[in-house]
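Asker: Need a 3D model of the sequence below.
(chains A, B, C and D)
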2 protein chains.
Amino acid sequence: MIKVAVVEDNDTIREGLKVLIDGTAGYSCIASYSKCETMLKSLEKLNPDVLLMDIGLPGMNGIEGIKQAKKIFPDLTILVLTVYEENDLIFEALCAGACGYLVKKTPPSKLLEAINEAYNGGSPMSSHIARKVIDFFQQKKQASSSGSQNILTPREREILSGLVEGNSFKVIADSLFISIETVRFHFRNIYKKLHVHSQSEAVVKAIKEGLV
Amino acid sequence: MIKVAVVEDNDTIREGLKVLIDGTAGYSCIASYSKCETMLKSLEKLNPDVLLMDIGLPGMNGIEGIKQAKKIFPDLTILVLTVYEENDLIFEALCAGACGYLVKKTPPSKLLEAINEAYNGGSPMSSHIARKVIDFFQQKKQASSSGSQNILTPREREILSGLVEGNSFKVIADSLFISIETVRFHFRNIYKKLHVHSQSEAVVKAIKEGLV
DNA sequence: TTTAATACTACCCAAATGGGTGGAGGGACT
DNA sequence: AGTCCCTCCACCCATTTGGGTAGTATTAAA
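Answerer: All right, here's what the predicted structure looks like:
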């Protein structure tokens, strides 16, 4: 029996979910809330297996609700159920601790299946949501191959890598068997090319643009 | 009609896939290969909609094959079909350009459905694979909440953020309306706590550990 | 072959940074 | 009331770094 708790501000939908879950063998809706705040208060006593959450809520933001819930129960399985398919919300929810992301047009049978999958260690989401997550992985690659990668010479990339490893000019010089003056010379050129003026800026840019 | 190409070294499985795909309305297996190399050569002429790839291949590595194929057709939809569920392989394949990841125990009906989803802009994968991808997102958070996050005071995190934004001590001091000496003081403490000795090291650590 | 790009070295100077010491004020907890 | 922690500021000093200028060697392209 999977114990499900629901947070959803729309009364109709919330009741519908409760009926659906309670009416299915193997599932039980042990609580339903219209706000995060009330859910958080009673979360400890209830100890649900899966928390089904809307994230377009009045009052406390759903994302924040996920974070809070995860603080109380780090291992709690949280499924987001929403109408939003914006990238930002998806990533925020997943980073906050949601383990699955469902859109509201998901048919009831799929919804129940998703709850079951989540309960068993899976991460149910529609394949379109999944694509957005995957795209996120590939962004790095794309940025580096198209962007500032090629403006640096191989030697310059080597020098810059040294910095990202956390080395000082002196250490970089020694490891490459060149003078520290040469390292400084290269960095001056690197800075010009990247339009930065300090180590830290260069490191940030190198990491963000995937130059390393 | 979705044009599918298959790369799979096991003759039995390859033929099985071909029969399955060709035998289903709306799908056509326009080519099947046992090696990446031969696939790459004829890829341009064939122009398939979806490429179904094994990644445990003799000869060229499947991951490498994905990269090469993506070079020729950056928009090609590639689905990985494999027996491996190791994290590393999943991430490598996805970063290389695969848009979906299926395990070989996937039943034929699900396989066809997955091809269709991929063709229509989705990223089919089993919910267990999805969970691993999601976990990757949350690693950052976990590392920070359990690790070095809490050893820094809120003010120190604020100061460190300024550095990661690419600001100098002076700019950080001005933006926080405090003396540059105070900024320096905080950084000395931050360095001690993070066990680093320079800006760049601190920036790298801050980013890697998700302190920002 | 001339030219350009890259890699390398050196010296100069001013500014920024790393590190040590000391001290002041406020809030939280005992 | 005392203590601890966080925040804040200041002065000292040695080193590192950012930026400018100049020059040589090697290699690849024009």
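
Asker: Which strand or helix spans the residue nearest the centre of chain A?
Answerer: Against the mean C-alpha coordinate of chain A, by Cα atoms, centre = their mean, the closest residue is A:Cys95 at 3.1 Å. Using DSSP states H and E, A:Cys95 sits in helix A:87-96.

Asker: buried set for that helix?
Answerer: In terms of neighbour count (16 or more other Cβ atoms under 10 Å in any protein chain shown), helix A:87-96 has its buried residues at A:89-90, A:92-96. From N, CA and C alone the C-beta is placed, and that goes for glycine too.

Asker: For chain A, just list every one of the strands.
Answerer: A:2-7, A:27-33, A:50-53, A:77-82, A:100-103 (DSSP state E).

Asker: Please produce TSV containing the buried residues of helix A:87-96, extended by distance to B:Leu57 and pLDDT.
Answerer: Formatted as TSV, these follow (distance: Cβ to Cβ, whole Å; pLDDT from 0 to 100):
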residue	distance to B:Leu57	pLDDT
A:Leu89	39	83
A:Ile90	33	84
A:Glu92	38	82
A:Ala93	37	87
A:Leu94	32	85
A:Cys95	35	82
A:Ala96	39	84
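
Asker: burial count for the residue of chain A found nearest DNA strand D?
Answerer: Going by Cβ to the nearest atom of the strand, DNA strand D is nearest to A:Phe169 of chain A, at 3.1 Å. Neighbour count of A:Phe169, defined by other Cβ atoms under 10 Å in any protein chain shown: 19.

Asker: Nearest spatial neighbour of it, chain-adjacent residues omitted?
Answerer: A:Val183 (4.7 Å; Cβ to Cβ, 6 or more residues apart in numbering or on different chains).

Asker: who's in contact with the one you found?
Answerer: A:159, A:169-170, A:172-173, A:176 (Cβ atoms under 8 Å, 6 or more residues apart in numbering or on different chains).

Asker: Closest to B:Lys70 out of the buried residues of helix A:87-96?
Answerer: B:Lys70 has its nearest neighbour among the buried residues of helix A:87-96 in A:Ile90, at 23.9 Å by Cβ to Cβ.

Asker: any idea how far the closest one is from DNA strand C?
Answerer: Going from A:Ile90 to DNA strand C by Cβ to the nearest atom of the strand, to the nearest Å gives 37 Å.

Asker: got a list of what that residue touches?
Answerer: A:84, A:101, A:129, A:132-133.

Asker: any idea how far it lies from A:Ile178?
Answerer: 46 Å (Cβ to Cβ, to the nearest Å).

Asker: Okay, buried residues for stretch A:39-50 please.
Answerer: So for stretch A:39-50, counting by 16+ other Cβ under 10 Å, buried means A:39-40, A:43, A:48-50.

Asker: Turn those into TSV, including pLDDT.
Answerer: Output for those, formatted as TSV (pLDDT from 0 to 100):
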residue	pLDDT
A:Met39	89
A:Leu40	86
A:Leu43	84
A:Pro48	92
A:Asp49	93
A:Val50	94
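
Asker: Cheers, nothing more for now.
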